[in-house]
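[1] Sequence plus predicted model, see below.
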Amino acid sequence: MATNYPTGLDALTNPTPTDTLASPSHSTQHANTNDAIEAIQAELGTLPKGSSATVKARLNTLDTSIATNTTAIAAETTARTAADATLTTNVATNTTAIAAETTARTAADATLTTNVATNTTAIA
């Protein structure tokens, strides 16, 4: 039997002390076990624990890191959303202020133009 691992689990037969080497087949038992072990090794690769004490410890460390980073990303998203809202408000406020200043400067320019024309006529 070829192994089902890693996409499925094998149903290996455990021989009893009274079983003969032929039932279940001793060589088939070894072949099935070897196939399963080789599949586990192929799935995990070499040194799957990395620098951790065990594979479980490494996975726990990764899970903790992912949870911590997820929390940090959520906090950063909240902060950026608030900053975007502030920028949007500031742009709107500044746009209004610029429009008001443009209106005031246009009116002042018109006043100056009128005054210059009046003074030029008075001097002439």
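    Good, I have the coordinates. From a predicted model like this one, the values you see are computed outputs, not experimental measurements.

[2] Thr28 reaches Met1, doesn't it?
    Yes. Thr28 is within contact range of Met1, at 7.4 Å (criterion: CB atoms under 8 Å). Placement of C-beta: from N, CA and C, glycine included.

[3] which element is Asn14 on?
    Here Asn14 is covered by no helix or strand, with elements defined by DSSP states H and E.

[4] what about dumping the CA coordinates of the helix or strand of the chain with the lowest mean pLDDT to CSV?
    In the chain, no helix or strand scores lower on mean pLDDT, DSSP states H and E than helix 26-44, which sits at a mean of 93. C-alpha atoms of helix 26-44 as CSV (Å, rounded to 0.1, in the frame of the first residue of the first chain):
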residue,chain,number,x,y,z
HIS,A,26,5.7,-8.8,7.7
SER,A,27,7.4,-7.3,4.6
THR,A,28,4.2,-5.4,3.7
GLN,A,29,4.1,-4.0,7.3
HIS,A,30,7.7,-2.7,6.9
ALA,A,31,7.0,-1.3,3.4
ASN,A,32,3.9,0.5,4.5
THR,A,33,5.7,1.9,7.6
ASN,A,34,8.6,3.0,5.4
ASP,A,35,6.3,4.7,2.9
ALA,A,36,4.6,6.6,5.7
ILE,A,37,7.9,7.6,7.4
GLU,A,38,9.3,8.8,4.0
ALA,A,39,6.2,10.8,3.3
ILE,A,40,6.5,12.5,6.7
GLN,A,41,10.1,13.3,6.1
ALA,A,42,9.3,14.6,2.6
GLU,A,43,6.5,16.8,4.1
LEU,A,44,8.6,18.2,7.0
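
[5] Now do it: distance to the chain's middle.
    37 Å (CA atoms, centre = their mean, to the nearest Å).

[6] What does Ala11 show for phi and psi?
    In terms of degrees, to the nearest 10, the main-chain angles of Ala11 are phi -110, psi 90.

[7] Confirm Ala83 sits in a helix?
    Yes. Using DSSP: H, G, I helix; E, B strand; the rest coil, the secondary structure at Ala83 is a helix.
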